[in-house]
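Engineer: kindly generate the corresponding structure for this input.
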Amino acid sequence: MELWQHLTRDHETEKAGRDRNAIVNTYDEIWRNDTYMVFVTRVFKGNPAATPPMTWLSIKRHDKQPCNDWRHFQFIKNQLVGEECEAVQMYPAESRLVDGSNQYHLFCLTSAEHRFPFGFNEGRRISEHPFANGKQRAWPDNLKPIDLDEQNKLARMDEKKYNEQLKKIK
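Structural biologist: Purely as a prediction, here's the structure:
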């Protein structure tokens, strides 16, 4: 499996952007690896009365091709905001739609103490073995979770239970 390249801060591009006084330079930092460039706004306050402080990650590929690799976005969020911080990718009302390039946005809660009132609550579930007859890829060697082997065993047990339930239904 190909290795994941960690992001590094790009001070030169940050300075160049600020020197041009570009209108879109609302970001605090720029990070990049071999595939992605990420513009980071550390304290994004959409509606301070309704939401806690957030970090806005604006992600694009260097080759400007479309992408929406969930695992890559998770790695980016983990490195720049934190492993226990939650993020969402919003699909807005058409009246609020901004879609002018292959650029993707994650809105991240900046504190691990805050959680969105939706999502999975059954605990951590990862595997290189697919759930429910799905398909799953291997983890990059340099980012394999330390609990992956244990989780793989649990996934196989769950798959047996799942298949037993299917037989009962049929």
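Engineer: for the rest of this, base every contact and every neighbour count on C-alpha atoms.
Structural biologist: Will do.
Engineer: please enumerate the strands of the chain.
Structural biologist: Counting by DSSP state E, the chain has strands at residues 8-9, 29-32, 36-44, 54-61, 87-88, 103-109.
Engineer: pairing partners for the fifth one, with directions?
Structural biologist: The pairing partners recorded for strand 87-88 under DSSP bridges are strand 103-109 (antiparallel).
Engineer: CA atoms only for the partner strand, dumped as PDB, please.
Structural biologist: Extracted in PDB, the C-alpha atoms of strand 103-109 (Å, rounded to 0.1, in the frame of the first residue of the first chain):
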ATOM      1  CA  GLN A 103     -12.400  22.400  -3.800                       C
ATOM      2  CA  TYR A 104     -13.900  20.700  -0.700                       C
ATOM      3  CA  HIS A 105     -14.600  22.100   2.700                       C
ATOM      4  CA  LEU A 106     -14.600  20.500   6.200                       C
ATOM      5  CA  PHE A 107     -16.000  22.400   9.100                       C
ATOM      6  CA  CYS A 108     -14.400  21.100  12.300                       C
ATOM      7  CA  LEU A 109     -15.300  21.500  15.900                       C
END
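Engineer: what's the closest of the strands of the chain to Glu122?
Structural biologist: Glu122 lies closest to strand 87-88 among the strands of the chain, at 17.8 Å (Cα to Cα).
Engineer: in TSV, list the strands of the chain along with mean pLDDT.
Structural biologist: Converted to TSV, these look like this (pLDDT from 0 to 100):
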stretch	mean pLDDT
strand 8-9	95
strand 29-32	95
strand 36-44	89
strand 54-61	94
strand 87-88	96
strand 103-109	95
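Engineer: ok, and which of those strands has the densest surroundings?
Structural biologist: strand 54-61 (a mean of 22; mean count of other Cα atoms under 10 Å).
Engineer: ok and it relative to strand 36-44, angle-wise?
Structural biologist: Relative orientation of strand 54-61 versus strand 36-44 (axes from the mean of the first three to the mean of the last three Cα atoms, to 10 degrees): 170 degrees.
Engineer: for strand 54-61, name the packing helices and strands.
Structural biologist: Applying 3 or more Cα pairs under 8 Å, 6 or more residues apart in numbering; DSSP states H and E, one finds that strand 54-61 contacts strand 36-44, strand 103-109.
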